[in-house]
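Undergrad: Predicted structure and sequence below. I'll ask about it afterward.
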Amino acid sequence: MVNPVIIKSNPGFTLLEVLIYLALFSVIATSGIAVTYQLFRSTAATKQALSLQTESDFVMSKLAWALSGSSLVTLPNSTTLKIVRTTIGSDSPVIFSVQSNRLYVSRGVGTSTELTAATVNVHDVHFSLIGHILTSTFWLDNRVFYSTAYVNE
């Protein structure tokens, strides 16, 4: 008698193979989610730092503009700076002040204009004038910025 050859055909996966594939997929998916989360988080932090630097640069450029052509610089208090300008067509005096965590500038008898964006909080603004050296220090959203200028009166 001839032994028949039994050919076994199994086109499916075993339970162990399915479990291994699921474990590998979950590790890859978790890693991808973690990388994506870190990417979004670092992008947001970079945008915030860039926004603060832009705000600081804008405030410092306005301060430098006001000091150019100044004839008198006074400090009514440590958070207010008054600059009298002698340039032609200038609105004098230019006053920098802090109100409700915002930095404002007013020119002449006009109303105050907000220098910083509504999303940026200004803290601990200090102006000091020692001789001809004007130092300004201000905090924007818990980051400190300094400016030093020579005042030619």
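TA: Thanks, I have the structure now.
Undergrad: Any regions of this protein where pLDDT drops low?
TA: For the chain, the stretches flagged by pLDDT under 70 are 1-10, 87-90, 153.
Undergrad: Show me the helices in it, by range?
TA: 15-67 (DSSP state H).
Undergrad: Centre-most residue in this structure?
TA: Nearest residue to the geometric centre of the chain (CA atoms, centre = their mean): Leu52, 2.7 Å.
Undergrad: Now do the contacts for it.
TA: Val120, Leu140, Asp141, Arg143 (CB atoms under 8 Å, 6 or more residues apart in numbering). Glycine gets a C-beta too; all of them are placed from N, C-alpha and C.
Undergrad: Counting neighbours, what do you get for the third one?
TA: Asp141 sits with 16 neighbouring residues when counted by other CB atoms under 10 Å.
Undergrad: For it, what are phi and psi?
TA: Per-residue torsions, Asp141: phi 50, psi 50 (degrees, to the nearest 10).
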